[in-house]
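Student: Here's my sequence, what's the structure:
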Amino acid sequence: MTLNNNTIQEFPLLWKKVVRANNLPPCDCAKNCVGSTHELIITDDFVFVTGQSMYQVAKFNHQGEKLADYVMPHCSGPHGLQVDNDGALWVSLEFLGFVVRLDKGGNIDKAIDVNMYPNGNKIAINPAPHCICFDPSTGIMWFTGKRTSTIGKINPDGSVEHFELKSLGATPIYLSVGPDGNIWGTELTSSKILKINTQIVKTEEKKAGCCCSTATDEVTNKALKRIADKQQADIIDEYTIPTANARPIAIIPDPSQRMMWFTEEAGKKVGRIEIDVLDPETGAPKITEFAVPVLQPNDVLASLAFDCNNNLWVEVYVDQNNPNPEGKDYIVQFDASIRDTNNTGTLQIPFTLHEVPTPKTVMHRIRADKSGKALWFTELNTDQLGKITIG
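Tutor: Here you go, the predicted structure:
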């Protein structure tokens, strides 16, 4: 295992204990305010991190100094983070079913209710907005309905739409804008990749003002609406990953080519999707899998990111739900040649393993800053923020 000097630094989150108003007892999610460091997003000046069970968002500078804790509503479960075209920070409150925008002081200045209210029911169904994904070309914020096998869409006017996945119990957890302009995502438990066809979405929006039915019967109109809702299924395509029970986690675009890349938690592989190379029978894009070097059988994968040299970095850690034997957590650095479509196996790709100083991390997410010279990652279990400096 290779580790260059000063390559990896770790910074403790030191989540502060928040006391509820009127001395109310803490709710279940906040009784153990440790081991719940999740997403991160990087701006030109700051790194923001969510502490889900601590219902906080931490703010760091690029030197790893913690500047502030933004306290979210009690037991709201902040998870996903995104920045819009105006530079405003958005957070998904997974436990409440809201997506909110923060002002520069970390206060909520806009809240979008993304709960489902079927047939006007006052009792909400929380889709559990896990990941949020901002499309800068349209101003649309997409989100995964982790609990309901749905994908949600927040329009620029604040209205919300929900789209049902064909796979039941899919557990969609991550989304990214692709080089083709579509939104790509992962389905954890169905072991599929999803694609939201944004051109079809735009076409359907243009048709929205038309009503093809002249029926006056309310029951009939409701039935026709349900048929139209079912036709939304064409908006989302789903592709089965070659490895069964792969449990895909993160998905990101290639630095310059029309490809997407994803990690397989249980499959212990990274997948490369060639968007324009389609199977003549199924129409599915070509997926090539690369086995990730693991040191022991209870290693699993988390997220992935590209650096400024187009090298691919993949998080590997010992599964703390299956902790024996104990071992080291590390990040695999694949050479940029993995992006060459002529390469179809790991043995052809040079790689280096970089040990993370702290064990039992349960790494969650990794992202590059704008320069690609620094990669930041979160350690869910040890509540730390990590930084890799590219030499």
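Student: So for stretch 157-173, mean pLDDT?
Tutor: This predicted structure assigns stretch 157-173 an average pLDDT of 95.
Student: Just give me how far it sits from the chain centre.
Tutor: On the basis of Cα atoms, centre = their mean, to the nearest Å, stretch 157-173 is displaced by 14 Å from the centre of the chain it belongs to.
Student: list the buried ones in it?
Tutor: Counting neighbours by 16 or more other Cβ atoms under 10 Å, one finds that the buried residues in stretch 157-173 are 160-165, 167, 170-173. Yep, even glycine has a C-beta here, placed from its N, CA and C like the rest.
Student: Now, those residues that are in strands?
Tutor: Within these, residues falling in strands by DSSP state E are 160-164, 172-173.
Student: would you turn those into a markdown table with distance to residue 123?
Tutor: Supplementary listing: these in a markdown table, determined by distance: Cβ to Cβ, whole Å:
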| residue | distance to residue 123 |
| --- | --- |
| 160 | 17 |
| 161 | 20 |
| 162 | 16 |
| 163 | 22 |
| 164 | 19 |
| 172 | 23 |
| 173 | 25 |
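Student: which one among these gets closest to residue 265?
Tutor: Out of those, the one with the shortest distance to residue 265 is residue 173. That distance is 10.1 Å, counting by Cβ to Cβ.
Student: Let me know whether that closest one touches residue 186 as I believe.
Tutor: Yes: between residue 173 and residue 186 a contact is recorded at 5.9 Å, counting by Cβ atoms under 8 Å.
Student: got any residues that touch both of the two?
Tutor: The contact sets of residue 173 and residue 186 overlap at residue 249 (Cβ atoms under 8 Å, 6 or more residues apart in numbering).
Student: Show me what the spatially most central residue of the chain bridges to in the sheet.
Tutor: For the chain, the residue whose C-alpha lies nearest the mean C-alpha position (Cα atoms, centre = their mean) is residue 174; its distance is 3.2 Å. With DSSP bridges as the criterion, residue 174 is bridged to residue 186.
Student: correct me, but it touches residue 185?
Tutor: Yes: if you go by Cβ under 8 Å, residue 174 and residue 185 touch, sitting 5.9 Å apart.
Student: Can you read off the pLDDT for residue 282?
Tutor: For residue 282, the model assigns a pLDDT of 85.
Student: Just to be sure, it is in a strand?
Tutor: No: the assignment for residue 282 is coil, going by DSSP: H, G, I helix; E, B strand; the rest coil, so no strand is present there.
Student: Tell me where this protein has helices.
Tutor: Remark: helices assigned in the chain by DSSP state H are 198-207, 218-230.
Student: Kindly report which one of those carries the lowest mean pLDDT.
Tutor: Across the helices of the chain, the stretch with the lowest average pLDDT is helix 218-230; it has a mean of 58.
Student: how long is stretch 374-389 from one end to the other?
Tutor: Start to finish, the residues bounding stretch 374-389 are 5 Å apart (Cα to Cα, to the nearest Å).
Student: tell me the mean pLDDT for it?
Tutor: The predicted confidence, averaged over stretch 374-389, sits at 97.
Student: Buried residues, that stretch. List them.
Tutor: Buried residues in stretch 374-389, counting neighbours by 16+ other Cβ under 10 Å, are found at 374-388.
Student: returning to what we had before: list the contacts of the residue nearest to the centre of the chain.
Tutor: When the contact criterion is Cβ under 8 Å, 6+ apart, the partners of residue 174 are 131, 144, 185-186, 248-251.
Student: And residue 132, what's its pLDDT?
Tutor: Looking at residue 132, the pLDDT reads 98.
Student: Which parts of the stretch 51-200 of the chain are strands?
Tutor: If DSSP state E, counting those that start in this stretch is used as the criterion, the strands of the stretch 51-200 of the chain fall at 56-61, 66-71, 78-83, 89-93, 98-102, 108-113, 129-135, 140-145, 150-154, 160-164, 172-177, 183-187, 192-196.
Student: among the ones you listed, which is nearest residue 241?
Tutor: Proximity to residue 241, assessed across the strands of the stretch 51-200 of the chain by Cβ to Cβ, is greatest for strand 192-196 (6.5 Å).
Student: related to what we said a few turns ago, roughly how far does the residue nearest to the centre of the chain sit from residue 305?
Tutor: When Cβ to Cβ, to the nearest Å is the yardstick, residue 174 and residue 305 sit 13 Å from each other.
Student: Then residue 329?
Tutor: Summarising the geometry, the distance separating residue 329 from residue 305, computed by Cβ to Cβ, is 16 Å.
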